[in-house]
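> sequence-free structure coming up:
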């Protein structure tokens, strides 16, 4: 993909991902905001992964604006649509932690996955309710976190608590989240660990390394210590719930390691807590090193 094409795609994705919730969420505002809905969507996706194969299941369950990093943001429908048919890869995954907006139109799930019965890593998926009331994902991709010791399939799912406040409109929420992202980026450019600790929710999860996902504040600090001490973040897109209480964002990341410039992407979930917008989930996904 040419740089100009990539820039146009990112701009289009940003516009497409921020706006739709206002259009489709209103008819479902009265529905119960039960996080079991996104868990059911994830499990249906996983079941189709075995029944239909990777390509067809990912095409079936991804939203028209859904993206993957390949390694740059690309529409999932285009990426999987161009993939060869068939294949015998056995991809199995299951949710262990999930959350949903109070308006019941935006949620997320995460858990371990295996490839051909070999434990591999953890996935992370962002889900959005569609105009017909069903769910499709907006983003799918996770870090190489160690799945050792993860609860097995059909284990109870832990749910993130609901937001304490709501901005009342997705546009207003995204404006507030944009300010939070800018503040985090300014701090992370000098002291990444300190910047994160200042905005993390008390039940936050931070992943990105090959270690198991942190289960405590102390383990989160250990996870943050695996990252570069300073990272430059640039937002690319995202979307807020119609209630303005939950938002997901993604963007580009750049840093230097051993004198070499590295790059990648971040994906986040922001929740509107009593103290303001707090970072509920964050993953840093390095891109493969560029060939010289």
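Here it is on my side, so go on. Treat the numbers as computed from the prediction; the structure is a model and nothing was measured.

> Got phi/psi on residue 51?
Note on residue 51: backbone dihedrals following degrees, to the nearest 10 are phi -80, psi -40.

> Not counting sequence-adjacent ones, nearest residue to it?
For residue 51, ignoring the flanking residues on the chain, the nearest one in space by Cβ to Cβ, 6 or more residues apart in numbering is residue 57 at 7.5 Å. All C-beta atoms are positioned from the backbone trio N, CA, C, and that covers glycine.

> Mark out where each domain of the chain begins and ends.
3-159, 170-286 (automatic domain parsing).

> can those domains go into CSV with extra columns for mean pLDDT and mean neighbour count?
Shown next, in CSV, are the domains of the chain (pLDDT from 0 to 100; neighbours: other Cβ atoms under 10 Å):
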stretch, mean pLDDT, mean neighbour count
domain 3-159, 85, 18
domain 170-286, 97, 19
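
> in a strand, that's where the residue nearest to residue 51 is, yeah?
No. Assigned with DSSP: H, G, I helix; E, B strand; the rest coil, residue 57 falls outside any strand and is helix.

> Show the contacting residues for it.
45, 48, 49, 51 (Cβ atoms under 8 Å, 6 or more residues apart in numbering).

> The third one contacts residue 91, correct?
Yes. Shown here, residue 49 and residue 91 form a contact pair, counting by Cβ atoms under 8 Å, at 5.2 Å.

> ok, back up a step: and the residue nearest to residue 51, how far from residue 92?
To residue 92, residue 57 is 12 Å away according to Cβ to Cβ, to the nearest Å.

> repeat for residue 37
Computed with Cβ to Cβ, the distance linking residue 37 and residue 92 is 22 Å.

> just the strands in this protein please.
Using DSSP state E, the strands of the chain run over 62-69, 73-75, 91-93, 97-100, 106-115, 118-129, 135-140, 158-159, 200-207, 232-240, 246-257, 260-273, 276-286.

> Grab the nearest non-local neighbour of residue 152.
The shortest distance from residue 152 to any residue other than its chain neighbours is 8.0 Å, reached at residue 94 (Cβ to Cβ, 6+ apart).

> so that neighbour makes contact with residue 114?
No. The criterion here is Cβ under 8 Å, and residue 94 misses it with residue 114 at 9.6 Å.

> Quick one: distance of stretch 242-254 to the chain centre.
Centroid separation for stretch 242-254 versus its chain: 9 Å, with Cα atoms, centre = their mean, to the nearest Å.

> oh sorry, the question was meant for stretch 73-89
Centroid separation for stretch 73-89 versus its chain: 19 Å, with Cα atoms, centre = their mean.

> Quick one: end-to-end distance for it.
24 Å (Cα to Cα, to the nearest Å).

> again, but for stretch 88-98
End-to-end distance for stretch 88-98, by Cα to Cα: 29 Å.

> same thing with stretch 229-249?
First-to-last distance for stretch 229-249 - Cα to Cα - comes to 22 Å.

> Quick check: longest helix in this protein by residues?
helix 170-188 (DSSP state H).

> coming back round to it: so for residue 57 and residue 92, which residues contact both of them?
residue 49.

> ok, back up a step: which of the contacts of residue 57 sits closest to residue 234?
Distance to residue 234, by Cβ to Cβ, is smallest for residue 45 among the contacts of residue 57, at 29.9 Å.

> Can you tell me how far the closest one is from residue 233?
Per Cβ to Cβ, residue 45 is found 29 Å from residue 233.

> one step back: ok, which of the strands of the chain comes nearest residue 171?
strand 232-240 (7.9 Å).

> these two touch, right, residue 42 and residue 125?
Yes. At 6.3 Å, residue 42 and residue 125 qualify as touching, with contact defined as Cβ under 8 Å.
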